[in-house]
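Asker: Got a predicted model here, sequence first, then my questions.
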Amino acid sequence: MYDYSHGAGSSQPRALRPRPTPRRRRTIHRLAHNGPVNDLDALLSLLTPEGRALLDEVRDTDPARELAVATRLRRDHPADLVSAALGQARLRQRAVAKFGAEDAGRMFFTPNGVEQSTRASVAAYRAGRFKELGITSVADLCCGIGGDAIALARAGIRVLAVDRDPATAGAARANAETLGLGELIEVREADVTEVDTAGYDAVFVDPARRSGRSGGAARSASVRGGGRATGGRIFDPEAYSPPLSWAVEAARGASRAAALKVAPGIPHEAVPDDAEAEWISDGGDVKEAVLWFGTAPGAVRSTLLPGPRTLLGTGLPDPDVRTPGRYLYEPDGAVIRAHLVAEVAEQVGGGLLDATIAYVTADELVPTPYATAYEITDRMPFNVKKLKALLRERRVGTLTVKKRGSAVEPEELRRKVRPQGPNAATVFLTRVAGAPTMLIGHPVRTATGGSGRAT
């Protein structure tokens, strides 16, 4: 088991801000948190000609000007409609990161839908896998606002999208129609446990993985596939809504194949023996894990997007621990979550710096898409004064701090060493054969191009 902790920085406490006046606070709370958009009636009002026209008018509204814009628009439009339109505009702005500006600017969202929907690139990749399996129809259970259903339909697959929450199902239906996919996507407001999926080639289930702020209330509202609850993340698969055990049985009952979207931190021992487990990252960020049924039982893979590039597990034992070489390889997070660090070590002819930490070291530079390569120039026991002197000598002003197996916070270290100068460096706070160690180096540009990540 490897230490997953890493990072290039950490947030710091901010000074307390003066409390706004009660009236201003209530107004901004209503607009920023967009309560009306979670209501089906408010969503339907945005689908009217007046609502759509208002959405176009507030499309690029700066959040800092919402109050002034709302005051002006309420002279000619109902107050609830104005609030819903401004809230929807804010959600669309947030959704650009997942769906791109073109789609996000036309789609309809709920606050939970923006937070929990699948990134479009990941959904498109998964739809492509279904397509390669010869799947022509999918029952999308717990569909949310329809992100996966949209990707499936764009791949030419017929979709039944099911969610219990009226506003969420309404948003999914509006998105299917707005994007011209209404003929391929049927949206049904229903309890997913009561839906007959026998007429579909495959099943896709995306259970809610967040607890409600008020405990059981949010869970009970969404337990049958709808109304994705916000709040803390759920790590116990049986606390998913619906539970993983129910989703597994639904997958096993699928005609040809099934996929279950789960949290990337799912314990490997929770993966059923008859499932294939896939961990997916996008741009270096781990996004999700997927349990596939009807594909390759027992297989483990990590997939990196864009690409895709897929690394299959071969059952290798953990790599040996060795002395640091000239190069350090930082495996992609999906590789680490899939427990495929040994496969990367074999590719580059390397070993581990420490038996419990997922840093690979080697003497040669071997291009691999599954890890970022760094050339190590210096190694020393952890010592802030010596690091500060070295950075001053090298005139390092841009310092990237990464850590695994260290309790030191990156921002704390930056404050102490106060880097200054025109050059850049990366310092790894880690352990070498159990001893706290600092490795200093820089990302390597390989012969095939790329900055930092060997490709």
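Answerer: Perfect, thanks for sending it. Computed from a prediction, not measured in an experiment: that's the story for all the values here. Residues are numbered from 1 along each chain as shown.
Asker: which residues touch Gly397?
Answerer: 419-424 (CB atoms under 8 Å, 6 or more residues apart in numbering). Using the backbone N, CA and C atoms, a C-beta is placed for each residue, glycine as well.
Asker: Which residue is the nearest non-sequential neighbour of it?
Answerer: Gly421 (4.1 Å; CB to CB, 6 or more residues apart in numbering).
Asker: quick one: that neighbour and Arg395 touch, right?
Answerer: Yes - Gly421 is within contact range of Arg395, at 3.2 Å (criterion: CB atoms under 8 Å).
Asker: Pick out whichever of the two has more residues nearby.
Answerer: Neighbour tally, Gly421 and Arg395, criterion other CB atoms under 10 Å: the higher count belongs to Gly421, 15 against 12.
Asker: Contacts only, for the more buried one.
Answerer: Contacts of Gly421 (CB under 8 Å, 6+ apart): 391-392, 394-397.
Asker: Mind doing that once more with 7 Å?
Answerer: 395-397 (CB atoms under 7 Å, 6 or more residues apart in numbering).
Asker: Now for Gly421 and Arg395: what residues contact both?
Answerer: What both Gly421 and Arg395 touch, as defined by CB under 7 Å, 6+ apart, is an empty set.
Asker: Which one of the contacts of Gly397 sits in the busiest neighbourhood?
Answerer: Pro419 (21 neighbours).
Asker: Do you know the pLDDT at the residue positioned nearest the centre of the chain?
Answerer: Central residue of the chain (CA atoms, centre = their mean): Lys287, 3.3 Å from the mean position. We have a pLDDT of 95 for Lys287.
Asker: Surely it and Arg119 touch.
Answerer: Yes - using CB atoms under 7 Å, Lys287 is in contact with Arg119, at 6.0 Å.
Asker: one step back: for the residue nearest to Gly397, which three-state class applies?
Answerer: Three-state call for Gly421 (DSSP: H, G, I helix; E, B strand; the rest coil): coil.
Asker: hang on, the earlier thing: the residue nearest to the centre of the chain should be in a strand, yeah?
Answerer: Yes - counting by three-state DSSP, Lys287 is found in a strand.
Asker: show me the contacts for it.
Answerer: Applying CB under 7 Å, 6+ apart, the residues near Lys287 are 119, 122, 280-281.
Asker: Now tabulate the residues you listed in TSV and tack on neighbour count, distance to Val366 and secondary structure.
Answerer: Listed next are the contacts of Lys287 as TSV, based on neighbours: other CB atoms under 10 Å; distance: CB to CB, whole Å; DSSP: H, G, I helix; E, B strand; the rest coil:
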residue	neighbour count	distance to Val366	secondary structure
Arg119	20	30	coil
Val122	23	28	helix
Ile280	28	24	strand
Ser281	23	20	strand
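Asker: would you turn the residues you listed into a markdown table with pLDDT?
Answerer: Converted to a markdown table, the contacts of Lys287 look like this (pLDDT from 0 to 100):
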| residue | pLDDT |
| --- | --- |
| Arg119 | 96 |
| Val122 | 98 |
| Ile280 | 98 |
| Ser281 | 97 |
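Asker: Between those, which sits nearest Glu409?
Answerer: Nearest to Glu409 out of the contacts of Lys287 is Ser281 (CB to CB; 24.3 Å).
Asker: so how far is Arg158 from the closest one?
Answerer: Here the distance between Ser281 and Arg158 works out to 29 Å (CB to CB, to the nearest Å).
Asker: same question, Leu43
Answerer: For Leu43, the distance to Arg158 - CB to CB - is 25 Å.
Asker: More neighbours: which of the two?
Answerer: Between Leu43 and Arg158, counted using other CB under 10 Å, the more crowded position is Leu43 (24 against 18).
Asker: Check Glu183 and give its pLDDT.
Answerer: The predicted local confidence for Glu183 is 97.
Asker: Same question for Ala345.
Answerer: 98.
Asker: right, and it touches Pro319 too?
Answerer: Yes - at 4.0 Å, Ala345 and Pro319 qualify as touching, with contact defined as CB under 7 Å.
Asker: Overlap in contacts, these two.
Answerer: By CB under 7 Å, 6+ apart, the residues touching both Ala345 and Pro319 are Gly351.
Asker: Might one say that Arg173 is in contact with Val187?
Answerer: Yes - with contacts counted by CB under 7 Å, Arg173 reaches Val187, the gap being 4.1 Å.
Asker: list the buried ones in stretch 278-294?
Answerer: 278-282, 286-294 (16 or more other CB atoms under 10 Å).
Asker: Tabulate those residues (JSON lines), appending distance to Arg126.
Answerer: Formatted as JSON lines, those follow (distance: CB to CB, whole Å):
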{"residue": "Glu278", "distance to Arg126": "9"}
{"residue": "Trp279", "distance to Arg126": "13"}
{"residue": "Ile280", "distance to Arg126": "8"}
{"residue": "Ser281", "distance to Arg126": "14"}
{"residue": "Asp282", "distance to Arg126": "12"}
{"residue": "Val286", "distance to Arg126": "15"}
{"residue": "Lys287", "distance to Arg126": "11"}
{"residue": "Glu288", "distance to Arg126": "9"}
{"residue": "Ala289", "distance to Arg126": "12"}
{"residue": "Val290", "distance to Arg126": "7"}
{"residue": "Leu291", "distance to Arg126": "12"}
{"residue": "Trp292", "distance to Arg126": "9"}
{"residue": "Phe293", "distance to Arg126": "14"}
{"residue": "Gly294", "distance to Arg126": "14"}
